[in-house]
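Quick check, what structure comes out for this input:
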Amino acid sequence: MNWRRERPLVVTLRALGLGDLLTAVPALRAIRRAFPHHHHVLLTAPELEPIVAATGAVDDVLPVRGLGDRSWPAAVSSPEVAVNLHGRGPQSHRLLLDLGPAELVAFAHEEIDASAAGPPWEPDAHEVHRWCRLLDRFGIRADPFDLALATPHPSERGPVTVIHPGAASRSRRWPVERFAAVARAEHARGHPVVVTGTAQESALVAAVVTGARLPASAARSGTSLPELMEVIASAGRLVCGDTGVAHLATAYATPSVVLFGPVPPQQWGPPPHAPQHVALWTGRVGDPHGDTPDPGLLEIEIDDVLEALHAVTELGLPASGSVPHGCGVASAGSAESVLGGPSGGGS
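Numbers count the residues shown, from 1 in each chain. The predicted model follows:
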């Protein structure tokens, strides 16, 4: 950290993945507004700094991975306020209390006396609203719809369809051959298609490109986070599972079709007021960290996705919020370490 401490300090913890950070944007901005004359430090994964910068709510990032024991630099000791946007506690609460804050903003946990003023944890709350409600208990007003990021290198939105087949867990990965079928159909409709993924997902990306009979240039695995931000911001539409890229689409108002399996979109879905985003879900709930595709996710058919894609492309979504073949629309969650999915309310 290369800054000198000359102002009162607010330290916030959100050391998770891309989707987690994007769902915390309204809370981060509310904290900034509540303490406009303070220096704001966010404890988060270092690779997420491009997103942090785009929020306009943070002065510095202190890189943090996990919640293990650590030695803190003097620059972040004794903050006036420490805010836990990471989890329910107690481990994350203790991590912040090790800094010696004058006040802890956190959910109440029976093992942590300093958290007694906080509200109880709400396991089924939408991830965006959860943190807004936490702040509200402490008199900090947050707007849960304040999710937008400024578009990088503003330009007209193009016709490209982005297919992102990966997710941190197999239970949230729709079958590769179905993604390939969607990509092939979009290409036939005259939409250029690119397939994105992490470096670790290069084989998955290649399989979709090959299965869709796309040119090799359609494969975009291993792109940097700033590059991915530009791809999503300028795309015509996105198809993906319940993973961090879906929240980028929300941030940039890029039309999207998001496939949900074990986790309801009522917890991680796009905002219901935005008709350019469709969340497909068949109503099942399962293990978000499972080793095999969720049965509910497998009930989403190729035609469901193609019809939803047509709807968001034309912005002619059904007023009832339903889509064909029994899939519901609901109100949206790696590089594996970058594009993390549902955290499930960690400690």
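
Need the nearest residue in space to A199, chain neighbours excluded.
Ranked by C-beta to C-beta, 6 or more residues apart in numbering and with sequence neighbours excluded, the top spatial neighbour of A199 is G222, at 3.7 Å. The way it works is simple: take the backbone N, C-alpha and C, and place the C-beta from them, glycine included.

The one you found and S202 touch, don't they?
Yes. The criterion here is C-beta atoms under 8 Å, and G222 meets it with S202 at 6.3 Å.

what touches both of these two?
Counting by C-beta atoms under 8 Å, 6 or more residues apart in numbering, no residue touches both G222 and S202.

what about G283, neighbour count?
Residue neighbour count, defined by other C-beta atoms under 10 Å, stands at 12 for G283.

measure it to P264 for me?
Distance, G283 to P264, by C-beta to C-beta, to the nearest Å: 8 Å.

cool, P90 as well?
26 Å.

Just want to know which of the two has more residues nearby.
Using other C-beta under 10 Å, the more surrounded residue of P90 and P264 is P264, with 21 against 16.

Not counting stretch 85-101 itself, show me its contacts.
11-16, 24, 27-28, 67, 70, 72, 76-84, 104, 106-107, 109, 111-112, 114-115, 121, 131, 134, 343, 345-347.

Tabulate the CA atom coordinates of it in PDB.
The C-alpha coordinates for stretch 85-101 follow below in PDB (Å, rounded to 0.1, in the frame of the first residue of the first chain):
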ATOM      1  CA  LEU A  85     -19.800  -7.600   3.200                       C
ATOM      2  CA  HIS A  86     -18.200 -11.100   3.100                       C
ATOM      3  CA  GLY A  87     -20.300 -13.500   5.100                       C
ATOM      4  CA  ARG A  88     -22.400 -14.300   8.200                       C
ATOM      5  CA  GLY A  89     -19.400 -14.800  10.500                       C
ATOM      6  CA  PRO A  90     -17.800 -15.600  12.800                       C
ATOM      7  CA  GLN A  91     -14.500 -16.000  10.900                       C
ATOM      8  CA  SER A  92     -14.900 -12.900   8.800                       C
ATOM      9  CA  HIS A  93     -16.100 -10.900  11.800                       C
ATOM     10  CA  ARG A  94     -12.900 -11.900  13.700                       C
ATOM     11  CA  LEU A  95     -10.700 -11.000  10.700                       C
ATOM     12  CA  LEU A  96     -12.100  -7.400  10.800                       C
ATOM     13  CA  LEU A  97     -12.000  -7.200  14.600                       C
ATOM     14  CA  ASP A  98      -8.300  -8.000  14.400                       C
ATOM     15  CA  LEU A  99      -7.900  -4.500  12.800                       C
ATOM     16  CA  GLY A 100      -9.300  -2.900  16.000                       C
ATOM     17  CA  PRO A 101     -12.200  -0.900  14.500                       C
END
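
Local confidence estimate at the residue nearest to A199?
At G222, the pLDDT value in this model is 92.

burial count for it?
Neighbours around G222, by other C-beta under 10 Å: 15.

Quick check: it vs T198, distance?
Taking C-beta to C-beta as the measure, G222 falls 7 Å from T198.

Same check on V239?
V239 is 17 Å from T198, by C-beta to C-beta.

And for P46?
Taking C-beta to C-beta, one finds P46 at 16 Å from T198.

Tell me which of the two has more neighbours.
T198 (21 against 12).

these two touch, right, the more buried one and P165?
No. Counting by C-beta under 8 Å, T198 stays clear of P165, with 11.0 Å between them.

got the buried residues for stretch 189-197?
By neighbour count on 16 or more other C-beta atoms under 10 Å, the buried set for stretch 189-197 is 191-197.

Show me what it is in contact with.
Residues outside stretch 189-197 that contact it (C-beta under 8 Å, 6+ apart): 158-166, 179, 183, 186-187, 204-205, 208-209, 212, 214, 218-223, 228, 231, 236-237, 245.

helices or strands next to the strand or helix carrying P50 in the packing?
Using DSSP states H and E, P50 maps to helix 49-55. Other helices and strands packing on helix 49-55, by 3 or more C-beta pairs under 8 Å, 6 or more residues apart in numbering; DSSP states H and E, are helix 18-23, helix 25-34, helix 225-234.

Including mean neighbour count and distance to F260, could the ones you listed go into JSON lines?
As requested, the helices and strands packed on helix 49-55 are exported to JSON lines (neighbours: other C-beta atoms under 10 Å; distance: least, C-beta to C-beta, whole Å):
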{"stretch": "helix 18-23", "mean neighbour count": "27", "distance to F260": "13"}
{"stretch": "helix 25-34", "mean neighbour count": "22", "distance to F260": "21"}
{"stretch": "helix 225-234", "mean neighbour count": "20", "distance to F260": "19"}
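
Near A82, how many other residues are there?
By other C-beta under 10 Å, neighbour count at A82 equals 28.

my guess is it is in a strand, correct?
Yes. According to DSSP: H, G, I helix; E, B strand; the rest coil, A82 belongs to a strand.

Would you mind splitting this structure into its domains for me?
9-137, 161-338 (automatic domain parsing).

For D146, find the nearest of those domains.
domain 9-137 (4.3 Å; C-beta to C-beta).

can you give me the helices in the protein?
Along the chain, the segments classed as helices by DSSP state H run 18-23, 25-34, 49-55, 91-97, 127-137, 176-188, 202-211, 225-234, 244-252, 265-268, 295-298, 302-314, 335-338.

Check which helices and strands the fifth one sits against.
Yep, that's helix 127-137 we're talking about. Helix 127-137 packs on helix 18-23, helix 25-34, going by 3+ C-beta pairs under 8 Å, 6+ apart.
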